[in-house]
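Engineer: Fold the following.
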Amino acid sequence: MAGFWDYAMSISFLLVAFFCACFLPITAELQRLEHPVKADGSLSFLVIGDWGRRGHYNQSDVAYQMGRIGEKLSIDFVVSTGDNFYEDGLTSIDDPAFEKSFAKIYTAKSLQKQWYNILGNHDYRGDVEAQLNPILRRVDSRWLCLRSFVLNSEIVEFFFIDTTPFVDKYFLRPKHHTYDWRGVLPRKEYLSKLLKDLDSALRDSTANWKIVVGHHTIRSIGHHRDTRELVMQVLPILEEHSVDIYINGHDHCLEHMSSKSSNIQFLTSGGGSKAWKGDIGKLGQDLLKFYYDGQGFLSVELKQTEAKIVFYDIFGKVLHNFNISKGLFSTM
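Structural biologist: This next block holds a predicted model:
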């Protein structure tokens, strides 16, 4: 009889653990990762977003130029701002889209570095757990995707945040789309914890540079415009803790805006494949420095007190570049 009860208790424990893993919000603080800088203390990386279309819509052309620029800059890693697989994320860890849209597209030697990925709204339409599953790292060791995390690299700390659950319309007006909210519900508690963890991590950071990465726009004149929920809930935290740069995708364009109320530079890199929306909004209170309604990517080179950001199109042509010095901003 005792054996039966031991077995029953074991099954009950496994069921509770499964329920907690799938349906309850994550209670641990933001996971922290480390990435070394170069021998001279510098760091360089590329940023790409909204890309996963099996090579179509110029994705392969953008990937080729990323490889060329990546080699020139001897990049340390790649940042993906989400919407990694269109139209509806991955169906499972065995979905061939992973290889057809990622592994067999970004084949250049310079791109065989760590990819730090976050989720976009299209990723949430598929099996979110598949993209987060460590098994994919066995398929391609470059792949690392988490909901939210902190990446420390000596002179800079990156704060990757899961922005899709902030957006009301995905819950209230899903427009015939189904979203995978496992690990997010209850939504209110999930967002409250994420905001608290972001605030705490930024407050404790002693890095020279603070860069926040999310999928959705905060400031943009592109197709999606500003994301109201992030402006209200996330932007005040970034301003309070003197964040230098916010990088996003979502709008399928390349864009640089600066803030009148803080030193934050808003960078959009969502031109990884399908673009050319032809929908440009009116400029609000922030300052537009650059806008390109097309495909491409950007690079960032960081030193102790200097940063250089460059935007490229699908031919590798430099469209816009600027430098930031701590305490001084200048456009080239």
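
Engineer: hmm, who's touching stretch 120-134?
Structural biologist: With contacts defined as C-beta atoms under 8 Å, 6 or more residues apart in numbering, stretch 120-134 is touched by 22, 49-50, 81-93, 95, 117, 119, 136, 145-147, 164, 167, 170, 177-183, 215-216, 249-250. Just so you know, the C-beta spots here come from the backbone N, C-alpha and C atoms, and that holds for glycine as well.

Engineer: What mean pLDDT does it get?
Structural biologist: Stretch 120-134 shows a mean pLDDT of 98.

Engineer: same question, stretch 245-252
Structural biologist: Computed over stretch 245-252, the average pLDDT equals 98.

Engineer: Just say helix, strand or coil for Tyr246.
Structural biologist: strand (DSSP: H, G, I helix; E, B strand; the rest coil).

Engineer: Would you mind listing the residues in contact with it?
Structural biologist: 211-214, 218, 238, 264-267.

Engineer: And Glu29, by the same measure?
Structural biologist: So Glu29 contacts 197, 200-201 (C-beta under 8 Å, 6+ apart).

Engineer: who's in contact with the closest residue in space to Ile280 that isn't next to it in sequence?
Structural biologist: Of all residues not flanking Ile280 in the chain, Ile221 sits nearest, at 5.6 Å (C-beta to C-beta, 6 or more residues apart in numbering). Residues near Ile221 by C-beta under 8 Å, 6+ apart: 255, 257, 280-284, 288, 291.

Engineer: Please narrow the contacts of stretch 120-134 to those residing in strands.
Structural biologist: Of the contacts of stretch 120-134, the ones assigned to strands by DSSP state E are 117, 145.

Engineer: Of the contacts of stretch 120-134, just the buried ones, PyMOL syntax please.
Structural biologist: To isolate the buried ones among these in PyMOL, judged by 16 or more other C-beta atoms under 10 Å, type:
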select buried, resi 49+50+81+82+83+84+85+86+88+89+90+93+95+117+119+136+145+146+147+164+167+170+179+180+181+183+215+216+249+250
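
Engineer: that older thread, pull the most distant pair out of the contacts of Tyr246.
Structural biologist: Across the contacts of Tyr246, the longest distance by C-beta to C-beta is 14.2 Å; it joins Gly214 and Gln265.

Engineer: quick one, which of these two is more surrounded?
Structural biologist: Just comparing Gly214 and Gln265: by other C-beta atoms under 10 Å the higher neighbour count belongs to Gly214, 26 against 22.

Engineer: Spatially, what comes nearest to that one if we skip its sequence neighbours?
Structural biologist: Thr163 (4.1 Å).

Engineer: Weed out the non-buried ones from the contacts of Ile221.
Structural biologist: Using 16+ other C-beta under 10 Å, the buried ones in the contacts of Ile221 are 255, 257, 280, 288, 291.

Engineer: Report the contact partners of the closest residue to Ser153 other than its chain neighbours.
Structural biologist: Nearest residue to Ser153, sequence neighbours excluded (C-beta to C-beta, 6+ apart): His35, at 4.6 Å. Applying C-beta under 8 Å, 6+ apart to His35 gives the contacts 76-77, 114, 151-153.

Engineer: quick one, phi psi at His35?
Structural biologist: phi -140, psi 130 (degrees, to the nearest 10).

Engineer: Please apply the same query to the one 5 residues further on.
Structural biologist: Dihedral angles of Asp40 (phi, psi; degrees, to the nearest 10) stand at phi -90, psi 10.

Engineer: Could you check the pLDDT of it?
Structural biologist: pLDDT, read off for Asp40, is 97.
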